[in-house]
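# heads up, no residue letters with this:
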Ligand code: ADP
Ligand code: MG
């Protein structure tokens, strides 16, 4: 979606959106597959803890293509979040190269990384990370404020995103007036509102019950299918991983397995089999049926 990303740092060459201008500026660092949305090439990450070095990633190479839905699994401490931070341009690798949309971002400075994050990447976390005492709609508008979108456009886009996660009727609700599942849906709308190419979700269902988890996965699957949005989800739960079409397992800072999901689960179908939500949730949010309201683009 953001094919200008590669060119953005080289304003002399904005005319060839899909051809990374880095190639013309430098010797070709690329690329077994120039079409990969993400390519990690022998990525290492070493954290310095006083005198101790923690080797969190030990030479991770992988490619992820646009439109994939990837689940990252592996024991605690195996490097999943470290890798998500690098893919999300929140941190630099110690060694190796990271190509995003064909452009080497491993050495982009902090301001450049912030720019890439704002334009191309949406984040979802286990703990929702909504701003308290700030309405659902205003939470969703925040990334648009950072992106310098004028107020009218912000409101329109935030409302559309809220509709897309089925919460059109909750725009004035504060986070503490929403159930956990609803808060996570607001966080998802906030991740979507800038129209990113990539959604990164680190344990997005870690704090949610079964039905609510499936509701969140249904939204991810719908966005992945309808918008060809690339989704990467870290999860401990094999059940959740099977909504993805590819599973990558980490161990000790390395990829142990990387395989396609056979019999991928369809969250929409699973939801129909699950009992409807408890009275508690009815009280909070009304029937889950209302979430079908805003499924269009
Ligand atoms: P996971 O997400 O799979 O649980 P992490 O990527 O968080 O694993 O951590 C991988 C390793 O790196 C662990 O040994 C962890 O303690 C260490 N680590 C992660 N973040 C930091 C940090 N900011 N400073 C020092 N060590 C870290
Ligand atoms: Mg983690």
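Cool, got the structure. The model shown is predicted, which means the values in this text are computed figures rather than measured ones. Ligands and ions are numbered 1, 2, ... in the order given.
# mind giving me the packing neighbours of the lengthiest helix in the chain?
Ordering each helix of the chain by length in residues (DSSP state H) puts helix 210-227 first. Secondary-structure packing of helix 210-227 (3 or more CB pairs under 8 Å, 6 or more residues apart in numbering; DSSP states H and E): strand 69-73, helix 180-192, strand 198-202, strand 230-234, helix 267-273. Just so you know, the C-beta spots here come from the backbone N, C-alpha and C atoms, and that holds for glycine as well.
# list the contacts of the last one.
Defining contact as CB atoms under 8 Å, 6 or more residues apart in numbering, one finds that helix 267-273 is touched by 211, 214, 215, 217, 218, 220, 221, 222, 243, 288.
# how about 6 Å then?
214, 217, 218, 221, 243 (CB atoms under 6 Å, 6 or more residues apart in numbering).
# neighbour-wise, which of those leads?
residue 217 (29 neighbours; other CB atoms under 10 Å).
# my read: that residue touches residue 243, true?
Yes - using CB atoms under 6 Å as the test, residue 217 is close enough to residue 243 to be in contact (4.4 Å).
# who does the residue of the stretch 151-297 of the chain found nearest ligand 1 bridge with?
Residue of the stretch 151-297 of the chain nearest ligand 1, by CB to the nearest ligand atom: residue 250 (6.2 Å). Beta-bridge partners recorded for residue 250 (DSSP bridges): residue 255.
# tell me the contacts of it?
Per CB under 6 Å, 6+ apart, neighbours of residue 250: 74, 78, 79, 80.
# out of the residues you listed, which touch ligand 1?
Subset of those in contact with ligand 1: 74, 78, 79, 80, counting by CB under 6 Å from any ligand atom.
# now, of the residues you listed, which are buried?
If you count burial by 16 or more other CB atoms under 10 Å, the buried members of those come out as 74, 78, 79, 80.
# using the three-state scheme, assign residue 127.
coil (DSSP: H, G, I helix; E, B strand; the rest coil).
# now the closest residue to it other than its chain neighbours: which helix or strand?
Spatial nearest neighbour of residue 127, chain neighbours left out: residue 207 (6.7 Å); criterion: CB to CB, 6 or more residues apart in numbering. Using DSSP states H and E, residue 207 sits within no helix or strand.
# quick one, phi psi at residue 207?
Geometry field for residue 207 lists phi and psi as phi -110, psi 10, criterion degrees, to the nearest 10.
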